[in-house]
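Undergrad: the amino acid sequence is not available; the structure is as follows:
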């Protein structure tokens, strides 16, 4: 599955459905050097914020062009400064793998001190009363941000959250992004989102043989061994709450996913029914 292209297409379908009037803000945390979700948000007509500690020139240009607010910082539980480990892949520097976690599989020994903001500080800085979407791609540190959802007022909980999981190896190997520490972090994120009332879950994995997974989060057993197939490599989880429309159609989601993979579409019919029922409430 072409993860980022597929997820951008899904969000382009989902976000206007749940916030037709564009009343909320969209925040891209951990923008990286490609797949600029902040650009997608802005093109959809949402007020958009990009948060990236090491923004490249192209990102600065896109933010200027589309009127995106760029915050040059990372987001963590710390207000002040944090040590960021510059990413590396196959012996070459790769900023997309940079992480606050020194033991992240893509972290190098090269570090840089960056400004760190809490999630509440980010929200306060843009003076918003509603959040439509938060996308989080921070290389193994996602739980540091999602833990902060617990202290947010219900009105500021985003309608849609997307965050990355896994990476570096297949789940069956139990290493890198699937090591106990980082797999537990993914589980923690899911449990927090469940406790915060998120209903629907869409999982898009990069493995060639992987199928999209659609779950009712509230009725799911949050065991990562059960949720993620052994072939899983890395991907994004889209969690949705407070659906204001019954227009979130399973068929549309499946049709979008089909464009980014070669395999035939398959999905658990019970999970599909659960999601559709939630969407209609």
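TA: Yep, it's here. Computed from a prediction, not measured in an experiment: that's the story for all the values here. Numbering: from 1, shown residues only.

Undergrad: tally of neighbours for the spatially closest residue to residue 203 that is not a sequence neighbour?
TA: Leaving aside its sequence neighbours, residue 203 sits nearest to residue 213 (Cβ to Cβ, 6 or more residues apart in numbering; 4.1 Å). Bear in mind the C-beta positions are built from the backbone N, C-alpha and C, glycine included. Residues lying near residue 213 (other Cβ atoms under 10 Å) number 19.

Undergrad: so residue 213 versus residue 201, what's the distance?
TA: The spacing between residue 213 and residue 201, counted by Cβ to Cβ, to the nearest Å, is 8 Å.

Undergrad: and if you look at residue 70?
TA: According to Cβ to Cβ, residue 70 stands 30 Å off from residue 201.

Undergrad: which one's more surrounded, those two?
TA: Between residue 70 and residue 201, residue 201 has the larger neighbour count (other Cβ under 10 Å), namely 23 against 19.

Undergrad: wouldn't the more buried one be in contact with residue 241 here?
TA: No. Counting by Cβ atoms under 8 Å, residue 201 sits too far from residue 241 to count as a contact (10.6 Å).

Undergrad: next, count neighbours for residue 151.
TA: Applying other Cβ under 10 Å, we find 10 residues neighbouring residue 151.

Undergrad: let me see the ranges of the helices in the stretch 51-200 of the chain.
TA: For the stretch 51-200 of the chain, applying DSSP state H, counting those that start in this stretch gives helices covering 57-66, 119-126, 142-146, 180-195.

Undergrad: surely the residue nearest to residue 203 and residue 232 touch.
TA: No. In this structure, residue 213 is not within contact of residue 232 by Cβ under 8 Å, at 9.5 Å.

Undergrad: buried ones in stretch 85-96?
TA: Residues of stretch 85-96 classed as buried: 85, 86, 87, 88, 94, 95 (neighbour count, 16 or more other Cβ atoms under 10 Å).

Undergrad: pull the residues that contact it.
TA: Stretch 85-96 is contacted from outside by 32-34, 54, 56, 97-102, 104, 106-112, 139, using Cβ atoms under 8 Å, 6 or more residues apart in numbering.
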